[in-house]
Structures are given as C-alpha cells and as structure tokens.
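Visitor: predicted model and sequence below, questions to follow.
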Amino acid sequence: MAASVKKNGAAGGKLKIPENFPVVAHPLAEKPNEIASNIVYHAHYSPNYSAFKFEPEQAYSATAGSVRDRLIQQWNETYRHYHKVNPKQTYYLSMEYLQGRALTNAVGNLDLQGAYADALRQLGHKLEDIVEQEKDAALGNGGLGRLASCFLDSMATLSLPAWGYGLRYRYGLFKQKIGKGGQEEIAEDWLEKFSPWEIVRHDIVFPIRFFGQVDVQPNGSRKWVGGEVIQAVAYDVPIPGYKTKNTNSLRLWDAQARAEDFNLFQFNDGQYESAAVLHSRAQQICAVLYPGDATEEGKLLRLKQQFFLCSASLQDIIARFKERKVENEVIQWAEFPSKVAVQLNDTHPTLAIPELMRLLMDEEGLGWDEAWDITSRTIAYTNHTVLPEALEKWSQSVMWKLLPRHMEIIEEIDKRFIAMIKSTRSDLEAKVGELRILDHNPQKAVVRMANLCVVSSHTVNGVAELHSNILKSELFADYVSIWPNKFQNKTNGITPRRWIKFCNPELSQIITKWLKTDKWTTDLDLLSNLRQFADDSELQKEWESAKLASKKRLANYILQVTGETIDPHSLFDIQVKRIHEYKRQLLNILGAIYRYKKLKEMSPEERKKTTPRTIMIGGKAFATYTNAKRIVKLVTDVGAVVNTDPEVNSFLKVVFIPNYNVSVAEILIPGSELSQHISTAGMEASGTSNMKFALNGCLIIGTLDGANVEIREEIGESNFFLFGATADQVAGLRKEREQGQFKPDPRFEEAKKFIRSGAFGSYDYNPLLESLEGNSGYGKGDYFLVGHDFPSYMEAQKRVDEVYKDRRKWIKMSILSTAGSGKFSSDRTIEQYANEIWKISKCPVP
C-alpha cells in the first residue's frame, strides 16, 4: 500500500492523500491497514485542513483524530460504568497541568505504537516526524503542573474513578526566547489553530458570578446577587490508562460571555469596546497563566481565575452527584463525602472551601453545621511549599470586592475556629493571631489561604518525608497539636510510562531484556532486580550504548535550537527547572565560571587530563523576577564566551536551553549523565525532575533537600554526589551571617571577581552579585547560602570528574540509580492517596 502514496500531486510536489486508499471509518481499529484507512478518513472528513495535501501537519491532525476516536469510545464507556456503579470519585483541582504531547502517550498507553507506526509508513510518513508536529499544551509552568499530569496518568492506569479539573489557558505562561538581552517572553501559540485532543461540551455550562452584593431573604437566608456573570464552558481532554480500558477526564474550563451580554445598540453607535465589555473580561480570565499581580487589577484577575476554577468544578461535581442518585430518590446530602473527594493541589484552589459552603447553604438550603460537616469531610489539601512568599495571602479588601458572600463565610469559619481554640486549647490563646485565618493587620489585612486550608480540610499532606516533617515541626506545628491525625506524607512520584518507557526506548528495551519482563512499567519496584547485574560487563556495554544514543539525540537537538555543537563523548551535566534563587542556578554557573578560569590557566597538556564537560541549564524565569532573569542572562553571556574560546571549548561548553517544557525534557533527561538538584536544604518541597533523571540512569549532585533525601536512601549513598548544609543547619548559618561570622571561600570570591572584570561582557551584574554579599538587609546577605555551600559544591564536582574517568564504576552507579528508583512511581503515590486520604477503590471498566 505504501506504493500508492504519490508525491507528485497538485500541491507543488507535496505529499497527497493516497488516491486509491480506502476512505473508510474504523474508529476502533487496531490493525495497521484499518488504522491507515481511518487516518485517511479523517484527512477527508475532519474539516481542519484542505484535502489536497497530506504534509506532516495534515497527517498529524488526521492521526490525532483517529486516536481520539478510540479515546472517546473508551471515555464514554468509562463514564457509563462510573455512572452505573456510582463509586466514590476523586476530583483533583489544580491551576496547572503540564501534559506534554498527547499523541505519543495515547498510542503508547493504548498499546498501539507499533500499529500506528506501520499505518503511517503505508501513508508515506514516520510516526516520529508526525509526533513533532504537536505543540505542548501550555497549561502549566513547573513541577506542580507536571506532578498533576503524572497523577492523572496513574489514576487512569490504576482504574481509579478520578478526574482532574483545570483552566484552558489560551496563551499559557509564556514562550521563552533567548536574545542578546537575555530572556524574552512571547505568548504561547498552542491554540493558534486548534487542539485535536480537547472535546468541547456545549451542554456543560455553569454561571460564575463576580462582585455584586449579599441580600438577606425574608426567611433569614442569604443570597449573592448582582455583579457580573460569566459562563464556564467545559472542554474535556481524555486521559487513557496504560493497557486498561479506563479513560478518565481532564476537564478544562473556558470563560465566555453570552450573546445577550453583547450590547448591539452600543456597537451600532460606534461604541465597539463598550458593547463587548463583558466578552473582553471573560477572555481575560483564561488568557494567561499567573498574570502579573502588581496592580489591583492583576490581583482581581488572579483571584477571578482561582474562583472560576473552583466554582465551575464544584457546580459540575454537585450536578454529577445529583445525576447519579436513584430516580425519584430524595437527595441525601450526608452521603456527599462518601461519594466525593476533592483534592486541592496547593493553595490556588482554596476558594473551593467557602464556595462549597455557599452552594450547600445558599443554593441547596442546608444549615451551617451540616454544610461544614460535608465540606470538611470532602476536601483535602496538599501543601507544596514552605516559602513564605508562596503561601498565598489575599487582600481582604480585594476579596470583599470580588467575593462578598465568600468573605462572610470565611469570617464565620475564622470566628468559630477562634472560639474552638479558646474553649479547648487555652494554652494556644496567645498564638491565635498567627493561627487564625484572617490577619487584620491595619497596614495590610489579608486572608491566609494556607491557614484556611488547614482549618477546613480533613487531611493535609506534604510531598516528601523531609518536607512533611518541616510542615509538622515548624510551619504547622501548632495545628498538629490540635489535630495530630490530620497530617500525612505522600512522597511525590512520576509516571514510568512517559518518563522512561516512551521517552527512552533504548534503555527500556534493555531493562525488559535483563528483567525478562516488561511488567516493571506498572510495577516499578521490579527495577531492584537490576542490582544483581550491575557488575555484568555485557549489561554495562549495552547500558553505555543506550546512553550514547540518547546523548547523540540530545546533541542534535541542541544544534537545532541553539546552533551550538556539543560533543556526545563529554560529560553531559544538566540543570533544568524553573529559574529561582532558592534552586541555585547561580551556584551552578559560578562553578562553571571557576572551572573556565582554571582551564584558561592550565597548559594544553594539563587540560587534556581534565574531564570534558557540557553544562546545560534551562528553565523559565518569571517575567517580573529580576534576579532570576539576570541569572539567565549570565548563563547566556558565559556560554557566548566559553563556547567560542578555542583554547577551552573542547573541554567545556555552557549552553542555555530555551523554552524548557515537557517535550524538551523527554530529550534532555535520557541524554543526561549528571543532574544538578542543588537547592538550599529545606526549601524544595520535593522535586520530581530528580526522580526522572535518577530513573533514566543519571547520577545526581545535590543537597539533602526534598526528595533528594529519599532518592539517596533508595539508590545508595555512594551513588549520590552529596554536598552542602543540611536543613537543620540553615537557620543557624543565616544567624551567623547576620552576626558577620561568615568567611567566604577564596574560589567563590575569585569567580565573582572574574565576572566583575568584564570577562563575560559589559552587562552590570553587580545587583545580582550583591545579593550574595553583605550580612543582612533586603536582597543582601546570601539568604540562599550560595557562598557557604560553594566550597563543598566544588569538592563534589571534583569527585564527579574523577569517577567519570572510571567508566565501569560510573556505568555501575548509573545502573544502580535506575535500580533504586522503584519507590518513585506516581502509581505508588496515587495508591497511597486513594487508600489513605480519598478512601476510593478501583473501578475497572469490564
């Protein structure tokens, strides 16, 4: 059949849809011939592109349509099954999801990768080329969103009744470009044409109110009225499980205004903007992830986004609860917590708490006590940070303006909490000001969202052992004394399907060969059986060959996006994550600068004895985070000098990887040999990229922070390059710094001096370097301990260089890294959530 593909059609020598190929719909096809026929059917009858050409873009659209046929069938079967069985169901509320490309994941989870590759070959295309046409959905920024997406994959794979809820951001956070001035931000274009994976549900629309006032009804009940009302329209993205029929949903909400809100009179009078003011405001809600909030308008928009997600999702959840009851049966609201579990992914969806209370009291007629009992038994909260600036606090005046009824409810929750403390815990009365939800500071009265979550949720969890211990012993210590059983740990995990099986096929095949099973894909603990082969020279040879193949693929990508040629035989050293001072990309680049300076001072013969290294750094700096953007600029400036220095560039290269996202990670992680997870101890809640790197046989240089602690325990201490202060030392070190007791390492001073010498250009890096200097004050005093940890970091890097020269030892450590990664499957994490927090059971589609 491949012979029937013609390349000499009317589209100027472009590929055409095969003329003699049967145009027959086979929505549930599994055989390559039938799949190819279904793809051709979509090329003809799905009206996204002209039917006169079949270039990769058109082929991608038709292929996605073919895959989606099966997903819709499975989604419908899953929905009917859940409706019939009526199990308790989890609803995961998150402001972010980083899904990555859907095509690879879908055909992989459906176990149709080979069949689709064969079908596309018959049509003159390669699956890997077609996959490249897909743009990452711009629904998230960092680890929070990627974790949520891993969780969705595991929920479906484990056949759990669980859905995700999020927002359909049109322009995402931003697309990152690197220019002479450093990072530039432009709007994401993932929806510029359309997304074939989303299915709009025109029948699922809910009204969302903002502003207005609260009316007291004659019977004493309260009603939120007036203001402006926006429509929330559902878009479903099917989430298939791996080799299971269960296909769950990620339901994304888009904001729209009604036709009746368009003022035709004003428009015809030439008042075009005024005529469509509500339409414009609706478009703003889902335009951008995390809009700037320096102004009151920005704060209102962020708060609108959060409430829009919470209200639409809860209205949908309540509608489903009612829909699943037996016909003519009276609604038993007391059963709601036994049918519904709501998980708040960080504090962004906190408004679900007062909104569920409002819906139950004002719309359904329940009293306070019953509504509170239902709410507090339904909602659970995951904390993701101990950083004070990340624990959301919203201005009370802004809240009263936008959500007056919710502020009444929050006031009542706060009042009852204080009364409970006074009546049962008189020892905590002096601390009520810190524990209560409302901070009435006359300079800045705020609502503390984390406090509202802790007071109102039945369970609060951290995301790594160290993080959870810090929550219990420091951040939420007094709450723990009130509710000792409320707090749990759920160490994060990653899906092994996307993060090794699909993105690293060479290594996956070797693992399957040596374990004599591919069951490790859903039972990651089986990887521990690789330990017995770690010294086997044959495995080591295959392992190194697979790693080299991934490194060459990465080198090709770097050449394509940066124009820089890198040596696949050098040590590939990678740090990719959101740019933030606590994540300490600055420590990394200062180490690279010192390395460069020392290489310059060596003789040619001395250089030949060093370990050649390619340092790659990637990640987005928030648009208004000045120091983070300075770090990006510094990395690019250092790379521009080092990479063009003929004396040194065979031994060191520094590359900034632009626009880091999931699809980029799927190339970077398999090709990485050393990964830097070097945050200040006690500041990273967990991290999940560290798990992805470790799973792919990459060694870690890192601090005892977040999940690094547990990774080091699992893979073996000798297979982890440890450095830096520990979490329990940090406060003391900061105090010593304030007292002027810190003595900087000469190498640290040398690296800073080299930057100031102008070696990397004329840009003024003094404001960045000054953050590392002085003993105290805003933006001073090296809060993140870069100077303190620099000498131990450099010593750890020296150990890396030495071990890398011993190839057998390095490869053995790499094998043991993968072998120790079994604990870090999101399947394990989600099973723990299901059993210990949500109390839900598997509900496999028969």
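Guide: Noted; the coordinates are in hand.
Visitor: OK, contacts around residue 617?
Guide: 574-576, 585, 588-589, 635, 654-657 (Cβ atoms under 8 Å, 6 or more residues apart in numbering). C-beta coordinates here come from the backbone N, C-alpha and C atoms, glycine included.
Visitor: any idea which of those has the most stuff around it?
Guide: residue 635 (29 neighbours; other Cβ atoms under 10 Å).
Visitor: any chance you could map the helices in the stretch 351-500 of the chain?
Guide: 352-358, 368-378, 396-402, 404-424, 432-435, 449-456, 465-470, 477-482, 496 (DSSP state H, counting those that start in this stretch).
Visitor: buried ones in the fourth one?
Guide: Taking 16 or more other Cβ atoms under 10 Å as the neighbour-count basis, helix 404-424 is seen to contain the buried residues 404-411, 413-414, 417-418, 421.
Visitor: residues in contact with it?
Guide: Here helix 404-424 has contacts from 211-214, 222, 224, 307, 351, 353-355, 357-358, 362, 368, 372, 396, 399-400, 428-429, 432, 435-438, 447, 452, 455-456, 482, using Cβ under 8 Å, 6+ apart.
Visitor: list the buried ones in the longest helix seen in the chain?
Guide: In the chain, assigned by DSSP state H, the helix with the most residues is helix 56-85. Buried residues in helix 56-85, counted by 16+ other Cβ under 10 Å: 56, 58-71, 74-75, 78-79, 81-82.
Visitor: list the buried ones in the following helix or strand past it?
Guide: Next in sequence after helix 56-85, counting helices and strands by DSSP states H and E, comes strand 89-93. Within strand 89-93, the residues that count as buried by 16+ other Cβ under 10 Å are 89-93.
Visitor: and the residue lying closest to residue 657 once chain neighbours are set aside, what does it touch?
Guide: Nearest non-adjacent residue to residue 657, counting by Cβ to Cβ, 6 or more residues apart in numbering: residue 618, 3.4 Å away. For residue 618, the contact set (Cβ under 8 Å, 6+ apart) comprises 574-576, 656-658, 660, 664, 668.
Visitor: try 6 Å
Guide: When contacts are counted by Cβ atoms under 6 Å, 6 or more residues apart in numbering, residue 618 touches 576, 657, 660.
Visitor: do the same with residue 182
Guide: 629, 632-633.
Visitor: what do you get for residue 220?
Guide: Per Cβ under 6 Å, 6+ apart, neighbours of residue 220: none.
Visitor: give me phi/psi at it?
Guide: phi 90, psi -10 (degrees, to the nearest 10).
Visitor: in which helix or strand would I find residue 149?
Guide: Using DSSP H and E, residue 149 falls in helix 143-157.
Visitor: so how far is that helix off the chain centroid?
Guide: 8 Å (Cα atoms, centre = their mean, to the nearest Å).
Visitor: which helix or strand lies directly C-terminal to it?
Guide: Using DSSP H and E, the first helix or strand after helix 143-157 is strand 162-167.
Visitor: and that following strand, what other elements does it pack with?
Guide: strand 89-93, strand 247-256 (3 or more Cβ pairs under 6 Å, 6 or more residues apart in numbering; DSSP states H and E).
Visitor: let's go with 10 Å and repeat that
Guide: Here strand 162-167 touches helix 56-85, strand 89-93, helix 143-157, strand 228-240, strand 247-256, helix 296-323, strand 340-345, going by 3 or more Cβ pairs under 10 Å, 6 or more residues apart in numbering; DSSP states H and E.
Visitor: where in the protein is pLDDT low?
Guide: The chain contains residues with pLDDT under 70 at 1-14, 778.
Visitor: starting from residue 539, give me the distance back to the residue located most distally from the centre of it.
Guide: When distances to the mean C-alpha position of the chain are computed (Cα atoms, centre = their mean), the maximum falls on residue 218, with 47.9 Å. Residue 218 is 79 Å from residue 539, where distance means Cβ to Cβ, to the nearest Å.
Visitor: cool, residue 522 as well?
Guide: 23 Å.
Visitor: what do you get for residue 16?
Guide: Residue 16 is 47 Å from residue 539, by Cβ to Cβ.
Visitor: got a list of what residue 601 touches?
Guide: By Cβ atoms under 10 Å, 6 or more residues apart in numbering, residue 601 lies in contact with residue 607.
Visitor: distance of it from residue 790?
Guide: For residue 601 relative to residue 790 (Cβ to Cβ), the value is 19 Å.
Visitor: in the stretch 601-750 of the chain, mark out all the strands, start to finish.
Guide: In the stretch 601-750 of the chain, the strands defined using DSSP state E, counting those that start in this stretch lie at 613-618, 652-657, 674-677, 699-702, 720-722.
Visitor: now the ones you listed as JSON lines including distance to residue 138?
Guide: Below are those laid out as JSON lines (distance: least, Cβ to Cβ, whole Å):
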{"stretch": "strand 613-618", "distance to residue 138": "17"}
{"stretch": "strand 652-657", "distance to residue 138": "18"}
{"stretch": "strand 674-677", "distance to residue 138": "25"}
{"stretch": "strand 699-702", "distance to residue 138": "29"}
{"stretch": "strand 720-722", "distance to residue 138": "34"}
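Visitor: these: which one's closest to residue 234?
Guide: Proximity to residue 234 (Cβ to Cβ) singles out strand 613-618 among those, at 33.9 Å.
Visitor: export that closest one as PDB, just CAs?
Guide: Provided in PDB are the C-alpha atoms of strand 613-618 (Å, rounded to 0.1, in the frame of the first residue of the first chain):
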ATOM      1  CA  ARG A 613      32.100  18.600  30.300                       C
ATOM      2  CA  THR A 614      29.000  20.200  28.600                       C
ATOM      3  CA  ILE A 615      26.900  22.100  31.100                       C
ATOM      4  CA  MET A 616      23.300  22.700  30.100                       C
ATOM      5  CA  ILE A 617      20.900  24.900  32.000                       C
ATOM      6  CA  GLY A 618      17.300  25.500  31.100                       C
END
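Visitor: that one pairs with which strands?
Guide: Paired strands of strand 613-618, with direction, are strand 571-576 (parallel), strand 652-657 (parallel) (DSSP bridges).
Visitor: dump the C-alpha coordinates for the first one into PDB.
Guide: Extracted as PDB, the C-alpha positions of strand 571-576 are listed here (Å, rounded to 0.1, in the frame of the first residue of the first chain):
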ATOM      1  CA  LEU A 571      30.100  14.600  30.400                       C
ATOM      2  CA  PHE A 572      26.500  15.900  29.900                       C
ATOM      3  CA  ASP A 573      25.700  17.900  33.100                       C
ATOM      4  CA  ILE A 574      22.200  19.300  33.200                       C
ATOM      5  CA  GLN A 575      20.100  21.500  35.400                       C
ATOM      6  CA  VAL A 576      16.600  22.200  34.100                       C
END
